[in-house]
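In: Need coordinates for the below:
(one chain, ligands or ions: 1)
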Amino acid sequence: KKLLLINGPNLNLLGTREPGIYGHMTLADIEKALKNIAFTDGFELLTFQSNHEGALIDRVHKAKTEDIAGIVINPAGYTHTSVALRDALAGVAIPFIEVHLSNIYKRESFRHHSYFSDLAEGVICGLGWQGYVYALRQLASKQS
Ligand code: DQA
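Out: From the prediction side, this is the model:
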């Protein structure tokens with residue numbers, strides 16, 4: 001049983017990027033903790049981060065061939081711009097949960113709209129990296 005975690009642009013800078021907003025954990029720290037949690041729940045967690053829209057789309061397509069039960073995705077800046085990444089998720093029809101570290105509704109108005117939320121099983125924002133934990137647990141509980 002496999003789940004997939006996808007992180008979009010600039011999230012490779014976590015830990016150093018605006019820590020007041022995004023926290024002090026690096027993406028490697030977060031991925032490691034989540035892999036352990038998934039393992040405890042009986043799942044293998046695959047992880048992917050890219051700064052490139054096409055690479056993110058290709059990764060979503062590949063998930064269809066890998067028997068991925070669910071996707072946790074933080075589309076980062078592409079949340080607010082990418083019809084193409086949205087269409088990829090709709091195309092593979094794998095259930096997904098959208099996560100944002102920060103509360104996007106507390107921030108600039110251009111962050112208030114997401115191209116993903118109306119397709120997502122659920123949306124979590126403002127809870128920091130724990131948001132990924134809740135999303136993962138939710139997908140795991142739906143599959144087991
Ligand atoms: C983000 C919020 C987005 O608005 C922003 O562009 C990001 C990260 C978050 O996790 O809070 O890069 O998705």
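In: And the next helix or strand past the lowest-mean-pLDDT helix or strand in the chain?
Out: Among the helices and strands of the chain, helix 19-22 carries the lowest confidence by mean pLDDT, DSSP states H and E, at a mean of 90. Downstream of helix 19-22, the next assigned helix or strand under DSSP states H and E is helix 27-40.
In: Okay, buried residues for that next one please.
Out: 27, 30, 31, 34, 35, 37, 38 (16 or more other Cβ atoms under 10 Å). Quick note: C-beta positions are derived from backbone N, CA and C, even for glycine.
In: Serialize the residues you listed to a markdown table and add fields for pLDDT.
Out: What follows is the buried residues of helix 27-40, written out as a markdown table (pLDDT from 0 to 100):
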| residue | pLDDT |
| --- | --- |
| 27 | 97 |
| 30 | 97 |
| 31 | 98 |
| 34 | 98 |
| 35 | 98 |
| 37 | 96 |
| 38 | 96 |
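In: Looking at these, which is nearest residue 115?
Out: Nearest to residue 115 out of the buried residues of helix 27-40 is residue 27 (Cβ to Cβ; 22.4 Å).
In: quick one, what contacts that closest one?
Out: Residues in contact with residue 27 (Cβ atoms under 8 Å, 6 or more residues apart in numbering) are 7, 11, 12, 14, 15, 49.
In: For the ligand, see how far away it is.
Out: 11 Å (Cβ to the nearest ligand atom, to the nearest Å).
In: Test my guess that residue 22 contacts residue 100.
Out: No: applying Cβ atoms under 8 Å as the test, residue 22 and residue 100 come out as separate, 9.9 Å apart.
In: More neighbours: which of these two?
Out: residue 100 (22 against 19; other Cβ atoms under 10 Å).
In: May I have the beta-bridge partners of that one?
Out: Beta bridges link residue 100 to residue 125, judged by DSSP bridges.
In: Cool, thanks, talk later.
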